[in-house]
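1. Build the 3D model from these lines:
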Amino acid sequence: GGREYALAWHAAKNGHEVVGSPGNAAFENRLGHIIPYKGPEQFADYFEKGGFDLAVSGSEEPLAAGLGDVMHDRGLPFFGPRRAHARAEWDKGYLHDLLEPFALMPPGRIFKSRKRAEKYLIEHWHSYEGPCVLKAVGLQKGKGVIVPDFLEEAIYYGLETIMSPRGMGDDILLFRAIECGLAAL
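-> Numbers count the residues shown, from 1 in each chain. Purely as a prediction, here's the structure:
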């Protein structure tokens, strides 16, 4: 992803050897080489054997799998949180529940039922001061956000995409965007 590439690009630009895991073709062609990512334990083994100075996790998927826990437990130099702390990155429903009581997130609702989410959208669509944001709850690997322009788009595209049997997730978080940017995506 873009975050990982930016971190690696900056390190390589400053003379550091960069290895990506899993990386991608652009990463390999421009920055360094890549190794397959086979899980937290195997990554930590490779890191220890390779004599690296620092590991940086840019994506939430390895953190959700416990990479931070393994690296920290082994005392290896690692920039990234443990799984419990990373949950705020990969589960926006959890983050919303954690921060909304302190007015650090825009007001919102989490729905487990498509019918309830649709009813809520119909009843409250016009009360949103900014764009309505539909977010799949849980690990979405950087995907799962829809910002519809119209109520029909929210219902027939947003809810169907996120909450269908083959959709992104079972639960959905609805909240409004604040000011010019989208909050907490």
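2. List the beta-bridge partners for His33.
-> Val19 (DSSP bridges).
3. Do I have it right that it meets Val19?
-> Yes. Taking contacts as CB atoms under 8 Å, His33 lies within contact range of Val19: 6.0 Å. Using the backbone N, CA and C atoms, a C-beta is placed for each residue, glycine as well.
4. okay, the two: which has more neighbours?
-> Comparing His33 with Val19 by other CB atoms under 10 Å, the one with more neighbours is Val19, at 18 against 12.
5. Below-threshold pLDDT in the chain: ranges please.
-> By pLDDT under 70, the low-scoring segments of the chain are 1, 140-144, 164-185.
6. And the helices in it?
-> Ranges of helices within the chain are 2-13, 25-30, 40-50, 60-64, 67-73, 83-90, 92-99, 114-124, 151-153, 160-163, based on DSSP state H.
7. Quick check: buried residues in the longest one?
-> By neighbour count, with 16 or more other CB atoms under 10 Å as the criterion, the buried positions of helix 2-13 are Glu4, Tyr5, Leu7, Ala8, Ala11.
8. and what of stretch 121-130?
-> Buried, per 16+ other CB under 10 Å, within stretch 121-130: Leu121, Tyr128, Gly130.
9. Next: stretch 63-73.
-> Leu63, Ala64, Ala65, Gly66, Leu67, Gly68, Asp69, Val70, Met71.
10. Relative to Glu28, which of those is nearest.
-> Leu67 (20.8 Å; CB to CB).
11. That closest one is in contact with Ser57, isn't it?
-> Yes. Assessed by CB under 8 Å, Leu67 is found in contact with Ser57 at 5.9 Å.
12. Identify the contacts common to those two.
-> Taking CB atoms under 8 Å, 6 or more residues apart in numbering as the contact rule, Leu67 and Ser57 both touch Phe78, Gly80.
13. on that earlier part again, got a markdown table for the buried residues of stretch 121-130, with distance to Met105 too?
-> Listed next are these as a markdown table, based on distance: CB to CB, whole Å:
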| residue | distance to Met105 |
| --- | --- |
| Leu121 | 19 |
| Tyr128 | 15 |
| Gly130 | 14 |
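14. List just the nearest of these to Gly75.
-> Distances from Gly75 to the buried residues of stretch 121-130, taken by CB to CB, are shortest for Gly130, at 45.5 Å.
15. can you give me phi and psi for that closest one?
-> Per-residue torsions, Gly130: phi -130, psi -170 (degrees, to the nearest 10).
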